[in-house]
Every structure is written in C-alpha cells, then in structure tokens.
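K.L.:
Everything below, folded, please.
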Amino acid sequence: MTKVRLGRFCLIAALATNTIFIASLHWSPLVSATEWFDSFAKLSRNDEKARLYNFGLSLRMNPDTIGYIAYCVGPKDSRAEIKDRKEWGAKYLVSDIKIPKSRIRIVDSGPCKETWTILQPWPKTDPPPKFF
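P.N.:
So this is what the prediction gives:
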C-alpha cells in the first residue's frame, strides 16, 4: 500500500513539475525594451562587426522589424566619431548582410556617463522604443 501511494505521489509531483516548467517556457522573436537584443560599450571594429552580424541575422529572420542602432556618447569621446561609427555599422548591415536601408534607424540618445550602444530589433507597427 505504501509503495503504491509513494509511486502515485512521485508521478503527480513529476507531472506537476513538468507542467510548471512547460508553462514557464515561451518564445518571443523580440525582447522588451528593458532586455535589449545587444548592448555594449566601445569595442574594436571587429568585435562590433560580429555583434552587427548577429543583429543583422535577427533582422533577416524577422522581416517585420526595424533595426535600431541607438547610442549615447560619454564625455571622453567625440560625438562625430561615434556617429560615424554607427553610420558605418548601418552601411555594413545594408551592404554585407543585405538589410534594406529603410529598415535601419540610427538614434542619437545624447550624452551619458560613458559611450554605449544598443542594437534592438523592433516591430514596424509599434512606436519606436525609448533608449537610455
């Protein structure tokens, strides 16, 4: 009798655990504005290119999205230099990854404590995300 109850208890516990685990899983092609696709401080050009490559693949897999490249500039950096770098990134996405230029937006979010970049795919139908 005890073995049967223990067996039932283990089965019920296993089913409950699996149900909770499966219910907690969900897939979303996009993240919320508090969980950026990618964000980083200043990187080497090759490291930034790798990040842009992954971002571009996400944009290609989700054709109903706009790709935002948002940045803010720290006091030690030149705004013009950082802007040029982000424009280079947008050109890379268009020329090498073949993302239509109409799907890329560069957003200058103004000054901040240190230079920072956010890469974020966003639904075309939603209002633009807020950065920084």
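K.L.:
Please count neighbours and contacts with C-alpha atoms only from this point.
P.N.:
Fine.
K.L.:
Kindly state the beta-bridge partners for the nearest residue to residue 41 once chain neighbours are set aside.
P.N.:
Taking C-alpha to C-alpha, 6 or more residues apart in numbering, and ignoring the residues beside it in sequence, residue 41 has residue 116 as its nearest neighbour in space, at 4.5 Å. Beta bridges link residue 116 to residue 72, judged by DSSP bridges.
K.L.:
Would you confirm that residue 116 contacts residue 39?
P.N.:
Yes - applying C-alpha atoms under 8 Å as the test, residue 116 and residue 39 come out as touching, 7.2 Å apart.
K.L.:
for the residue nearest the centre of the chain, phi and psi?
P.N.:
Relative to the mean C-alpha position of the chain, the nearest C-alpha, by C-alpha atoms, centre = their mean, is the one of residue 37, at 0.9 Å. Dihedral angles phi and psi of residue 37 (degrees, to the nearest 10) take the values phi -60, psi -50.
K.L.:
and the spatially closest residue to it that is not a sequence neighbour, how many neighbours does it have?
P.N.:
Nearest non-adjacent residue to residue 37, counting by C-alpha to C-alpha, 6+ apart: residue 120, 5.2 Å away. Residues near residue 120, counting by other C-alpha atoms under 10 Å, number 26.
K.L.:
Could you do residue 65 as well?
P.N.:
Burial of residue 65 is recorded as 21 neighbouring residues (other C-alpha under 10 Å).
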